[in-house]
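# have a look; sequence and predicted model below, questions after that.
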Amino acid sequence: MAFEPLLRRLRRDYLLQALLLLTLVLAGVDPRSPRDYLHWLDPRTLAGLCGLLILTQGVRESGHVQRFALQLVRRLRGVRALAFALVLLAAGLATVLTNDVALFLLVPLTLAIDRIARIPRQRLVIFEALAVNAGSTFSPIGNPQNLLLWQHSHLTFFGYVAALAPTGAVLLVVLLITCGFAFPASPLQIQDSALALPPRNTYLFSGSVVLLGAMVAALQWGFAIPAALILIVVGLALFRRVLADVDWLLLVTFAAMFVGLGHLAALPAVQSHVGTLAWHDPRVTYTGGIVLSQIISNVPAAVALQHYAPNITLLAAAVNVGGSGLLIGSLANLIALRLDGSRGIGWRFHAWSVPYLVVTAVLVALVVLR
């Protein structure tokens, strides 16, 4: 049956199972109106993610990503050099294209490189996830929480950049130093059988890239829903195979996360406890933003705390730092690990990200809490 592969994946997807269970339990113990569920679902963000999934799948299937991967491997013969290149590329793209879009482009590239040369793929994907969180900190449009808090702060674009630059610098420098220890300087072992250039579809690649730029603009200007609908119609007419290969379960995971964690944050018991804290104290704002990000993810944490914390840029620093640590800290983490799709990557992610959170949280505190 056509649904059997989908059901097998669902049985192995423990995160999605947990999110669905959380959503159902909260719906039973704290019933809400359909309007509340629609608000938590965040149709605009979900539509934007849908569009990004479709378009990055189109870029991947065009064959150009694999060709670029081959060129990159030929130029960078060492594993450590490749790791530095991918980490810096991830951080740079995240400042312009947002952290999610950067991962949608880079993780498929990494998977393509893995088919050409023997690389520590899981570790590279983990570092790319940490890199996009670090790079997006520098930009008001680098991630959803920055866009939200920037608008709430009433700072200019460059004023917000200046306020968050010290945090971003700490996150990126620590990651680059860690990268130097995490990856060996050994040469890449290129597989001769993989050196043949794959076929490419320039029409699909060009169309996907152009539409990707349009989708980012639609997200920026609030037209994500109509843009996603148009994209689906175009896909049904011109590239049905791309639509068929999209990871739709990932979109379901996002929907379950938005609803489940949004409902959790809206519980009266949660809100009453949050409201009693001394948010005028910078230490409470900083610590609270990081801790809450580990529980409900940094975007919902920013949404919940913006009404309590008077220091918006300090809150922004906290939720950006909180993007590392536990997998749930940032949607980018989930995207990276789902795009990789290999067993055991979740545990390996935490082996790197939790110590990284501890170190960066302390160092950023020394900078922003002076």
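Received it, and whenever you're ready, just let me know what you need. Numbers count the residues shown, from 1 in each chain.
# only C-alpha atoms from now on, for both contacts and neighbour counts.
OK.
# for the helix or strand harbouring residue 274, give the mean pLDDT please.
Residue 274 is part of helix 268-275 when elements are defined by DSSP states H and E. Across helix 268-275, pLDDT averages out at 80.
# what's the following helix or strand after that helix?
helix 282-296.
# distance of residue 43 from residue 10?
23 Å (C-alpha to C-alpha, to the nearest Å).
# ignore the last one, residue 30
26 Å.
# for residue 61, same thing?
Distance from residue 61 to residue 10, by C-alpha to C-alpha: 24 Å.
# what of residue 326?
Residue 326 is 22 Å from residue 10, by C-alpha to C-alpha.
# the more surrounded of these two?
Neighbours around residue 326 and residue 10, counted as other C-alpha atoms under 10 Å, are more numerous at residue 326. The numbers are 20 against 14.
# touching, residue 157 and residue 140? I think so.
Yes. The pair residue 157 / residue 140 is scored as a contact, 6.7 Å apart, by C-alpha atoms under 8 Å.
# hey, what's in contact with both of the two?
Applying C-alpha atoms under 8 Å, 6 or more residues apart in numbering, one finds that residue 157 and residue 140 are jointly contacted by residue 150.
# comparing the two, which residue is more hemmed in?
For residue 157 versus residue 140, neighbours defined as other C-alpha under 10 Å are more numerous around residue 140 (26 against 13).
# now the strands: where do they sit in this protein?
117-118, 189-190 (DSSP state E).
# to residue 130, which of the ones you listed lies closest?
With C-alpha to C-alpha as the criterion, residue 130 lies closest to strand 117-118 of the strands of the chain, at 21.8 Å.
# got the contact list for the closest one?
By C-alpha under 8 Å, 6+ apart, strand 117-118 touches 73, 188, 189, 190, 191.
# do stretch 141-151 as well
94-100, 135-137, 139-140, 157, 160, 298-299, 302-303, 306, 312-313, 316, 319.
# pull out the buried residues from those residues.
Neighbour counting by 16 or more other C-alpha atoms under 10 Å classes 94-100, 135-137, 139-140, 160, 298-299, 302, 306, 312-313, 316, 319 among those as buried.
# what mean pLDDT does the longest helix along the chain have?
Using DSSP state H, we find that the single longest helix of the chain is helix 157-182. In this model, helix 157-182 has a mean pLDDT of 95.
# does anything pack onto that helix? Which helices or strands?
Contacts defined by 3 or more C-alpha pairs under 8 Å, 6 or more residues apart in numbering; DSSP states H and E place helix 157-182 against helix 79-97, helix 121-136, helix 312-321, helix 345-368.
# I'd guessed residue 46 sits against residue 256; true?
No. Residue 46 is beyond contact range of residue 256, at 10.7 Å (criterion: C-alpha under 8 Å).
# the more surrounded of the two?
residue 256 (24 against 19).
# that one and residue 166, how far apart?
34 Å.
# the helix holding residue 274 packs against which elements?
Looks like helix 268-275 contacts no helix or strand (3+ C-alpha pairs under 8 Å, 6+ apart).
# would you mark the buried spots in that helix?
residue 274.
# next, the angle from it to helix 282-296.
160 degrees (axes from the mean of the first three to the mean of the last three C-alpha atoms, to 10 degrees).
# name the surrounding residues that touch helix 268-275.
Outside helix 268-275, the residues that reach it (C-alpha under 8 Å, 6+ apart) are 264, 265, 308.
# wait, the first one sits on residue 26?
Yes. Residue 264 lies in contact with residue 26 (C-alpha under 8 Å); the separation is 7.4 Å.
# who has more neighbours out of the two?
Counted by other C-alpha under 10 Å, residue 264 and residue 26 do not tie: residue 264 has more neighbours, with 20 against 17.
# return the per-residue confidence for that one.
86.
# contacts only, for it.
Per C-alpha under 8 Å, 6+ apart, neighbours of residue 264: 26, 270, 296.
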